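Undergrad: fold the following, please.
(one chain, ligands or ions: 2)
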Amino acid sequence: MANSSAAASSGTLLRPNLSDTTPINSRRSSPQQLSFLHSSSSYNNLLPLKFQLKPISNHASGSHAVVNVLKTAVDTADISFSRNRNVDSAVSIPKPTILVSEKLGEAGLELLRSFGNVDCSYDLSPEDLCKKISLCDALIVRSGTKVTRQVFEAAKGRLKVVGRAGVGIDNVDLQAATEFGCLVVNAPTANTIAAAEHGIALLCSMARNVSQADASMKAGQWQRSKYVGVSLVGKTLAVMGFGKVGSEVARRAKGLGMHVIAHDPYAPADRARAIGVELVSFDQAISTADFISLHMPLTPTTSKIFNDDTFAKMKKGVRVINVARGGVIDEDALLRALDAGKVAQAALDVFCVEPPPKDSKLVQHENVTVTPHLGASTKEAQEGVAVEIAEAVVGALKGELSATAVNAPMVPAEVLSELAPYVVLAEKLGRLAVQLVAGGSGIQSVKVVYRSARDPDNLDTRLLRAMITKGLIEPISSSFVNLVNADFTAKQKGLRISEERVVVDSSPENPVDSILVQISNVQSRFASALSENGNISIEGKVKYGVPHLTQVGSLGTDVSLEGNLILCCQVDQPGMIGRVGNILGESNVNVNFMSVGRTVKKSKAIMAIGVDEEPDKDTLKRIGEVPAIEEFVFLDL
Ligand SMILES: NC(=O)C1=CN([C@@H]2O[C@H](COP(=O)(O)OP(=O)(O)OC[C@H]3O[C@@H](n4cnc5c(N)ncnc54)[C@H](O)[C@@H]3O)[C@@H](O)[C@H]2O)C=CC1
Ligand SMILES: O=C(O)C(=O)COP(=O)(O)O
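TA: Ligands and ions are numbered 1, 2, ... in the order given. As a prediction, this is how the structure comes out:
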């Protein structure tokens, strides 16, 4: 399985095992390789290309293979990957399967159903989730489903996107998702107001003992003096985490006449000032507040950030509201602080373990108001979140990059559309470069030079780098590489990719003038690919929307990167094109391009021949036997 082997090969060098007679695409047509195609291409690729999936055999049987017939998201061109043209275009495209494991608003479900097969299976046990997941392309969860490493492992490479219908993604193992190349998206905006309103509801209810008084009356009592509350006006509220929810809570608390301060190491002071909130240090916030409302995410840094030490620094009689995550509080410490009267009251919507144990002393505590994680639970928020996550998941399944990606760079649509042909070029250069490395050479260091008329700050190369990495790694390993896991996979394989941007005097209309890929400290199976400094060196450009190879080693060429490629180094003499062309013609191999480049007349020349089909061994042997040909290599694009 592609991804587990990536992890297993941790620390090993990326070592091509290529020979002239067993080119890469002969391996690709093996059954194993077909299933690898399924996991490495198609809509799962999460690249700025819309991949149409075409099953070769019955999808439902599970023994299917899919091939990417590419269309660019921007409809610029039917760019490359022509090797897949032989797929039966009459076969229908299988719909992706989307597992929804928790209740989701109807509008979102409708949107999902218009795109894929939707399986709403609520309350799955972890074991049942693992069983189901290998049949799913996407999973949509709320806070109740733990998307663990085991889930990604059990997915066997099929799960392409996890959608979190809400904000907090602490229930998703992001590291595992990234390692497995699975995109995680969330719905960060639609429940902000609901969560803020719930925070305010808990604040008011706690201050006036609403839930305790309600329970007492329902138990037949009338206890007016027992439930005397405290007023909010003029009191200081510390908002811990001044993000979307925190700032909405602050705004509402100001309306209640409270003095609001906030702590957030990353929030801009002017945003706080704009709503009349002062940003202060953590200690200042907790030591001066009468009420403390928590709105930071649960991360390793914020885990149990409210503990014995921090409660000790608070004012006696402080009141704490938590609509963020249970894990930011050490619940035992809170219990101690409540029992000691340090914390007068707490209002909790979230808990370390959800649901908390029935006999939880915290839940039972008379000074604690609890709700079962209801912050986002309004009709409006749930409809909004459902649509927001459905759009993000469908977009991701279509191969679009998401604006709410949590574990991948967010690439703006304009950048994406402009870079589309360069993305194809980048992958092809990576594929070509790695095939030029002699078998057994360990690749450690790759340098990419982007020549562009643009200011270096104005050129986002993350996508290009990811595609070069994909091109370098995929042909020689079983790893599946996409934008999500490219950097991780390169690191795992000990591959250092450095980038350089050179400003050139050409049209700034084009984001990139040329891309040069250099692999250093390796031997080449095609010596002419070595530049003067001994590195394998190839350069490409996009011409009329089509990727072209423009330089091999120190020799110029110009061949469109379509189909496959034969590179020959020969003595520059007449008749060479005809002789090689004849050999290919006799074997029914269609030549789609030829280009000859040389340094000095009648000296060495390089001939690049684009071929639609892969020549058989005998044909390649005959080419090698042409006396003037010094070396040649067949490359699978
Ligand atoms: N109870 C519920 O149903 C809901 C709970 N939430 C929780 O609320 C959290 C906040 O949600 P949003 O405001 O939408 O997210 P957000 O990302 O807009 O805001 C989080 C803020 O916390 C800040 N922060 C990070 N580390 C911090 C630290 N150590 N100390 C102080 N501030 C820190 C960040 O800089 C950011 O400004 C979510 O992570 C989620 O866990 C969100 C919605 C509903
Ligand atoms: O959005 C969040 O972070 C929430 O906590 C909401 O959780 P839920 O979707 O209601 O399980």
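Undergrad: by mean pLDDT, flag the weakest helix or strand of this structure.
TA: The weakest-scoring helix or strand in the chain, judged by mean pLDDT, DSSP states H and E, is strand 66-72 (a mean of 22).
Undergrad: whichever residue of the stretch 401-550 of the chain sits closest to ligand 1: neighbour count?
TA: Closest to ligand 1 within the stretch 401-550 of the chain is residue 406: 10.9 Å, counting by Cβ to the nearest ligand atom. To be clear about C-beta, it is placed using only N, CA and C from the backbone, and glycine gets the same treatment. When neighbours are counted by other Cβ atoms under 10 Å, residue 406 registers 18.
Undergrad: that one reaches residue 174, doesn't it?
TA: Yes: under the criterion of Cβ atoms under 8 Å, residue 406 makes contact with residue 174 at 6.6 Å.
Undergrad: can you pull the residues that touch both of these two?
TA: Shared contacts of residue 406 and residue 174, defined by Cβ atoms under 8 Å, 6 or more residues apart in numbering, comprise residue 184.
Undergrad: returning to what we had before: for the residue of the stretch 401-550 of the chain closest to ligand 1, which non-adjacent residue is spatially closest?
TA: In space, and not counting its chain neighbours, residue 406 is closest to residue 184: 4.4 Å by Cβ to Cβ, 6 or more residues apart in numbering.
Undergrad: for residue 233, same thing?
TA: Computed as Cβ to Cβ, 6+ apart, the closest residue to residue 233 that is not its neighbour in sequence is residue 257, at 3.7 Å.
Undergrad: so who does that neighbour touch?
TA: Applying Cβ under 8 Å, 6+ apart, we find residue 257 in contact with 232-234.
Undergrad: any idea how far the spatially closest residue to residue 308 that is not a sequence neighbour lies from residue 504?
TA: Leaving aside its chain neighbours, residue 308 sits nearest to residue 333 (4.5 Å; criterion: Cβ to Cβ, 6+ apart). Distance, residue 333 to residue 504, using Cβ to Cβ, to the nearest Å: 61 Å.
Undergrad: quick one on the thing from earlier: ok, now how distant is the residue nearest to residue 406 from ligand 2?
TA: 13 Å (Cβ to the nearest ligand atom, to the nearest Å).
Undergrad: tell me what that residue is bridged to.
TA: Taking DSSP bridges as the rule, residue 184 bridges to residue 162.
Undergrad: check contacts around it.
TA: Residue 184 makes contacts with 161-164, 169, 172, 174, 177, 405-407, as judged by Cβ under 8 Å, 6+ apart.
Undergrad: likewise for residue 347?
TA: Contacts of residue 347 (Cβ under 8 Å, 6+ apart): 202-203, 205-206, 319-322, 368-370.
Undergrad: quick check: residues of the stretch 301-450 of the chain near ligand 1?
TA: Within reach of ligand 1 by Cβ under 6 Å from any ligand atom, the stretch 301-450 of the chain has these residues: 301-302, 323-325, 349-350, 373, 375-376.
Undergrad: ok, now with 5 Å
TA: 302, 323-325, 349, 375-376 (Cβ under 5 Å from any ligand atom).
Undergrad: contacts with ligand 2 among those residues, please.
TA: Restricting these to those within reach of ligand 2 (Cβ under 5 Å from any ligand atom) leaves residue 376.
Undergrad: quick one: residue 262 is in a strand?
TA: Yes: Residue 262: assigned to a strand according to DSSP: H, G, I helix; E, B strand; the rest coil.
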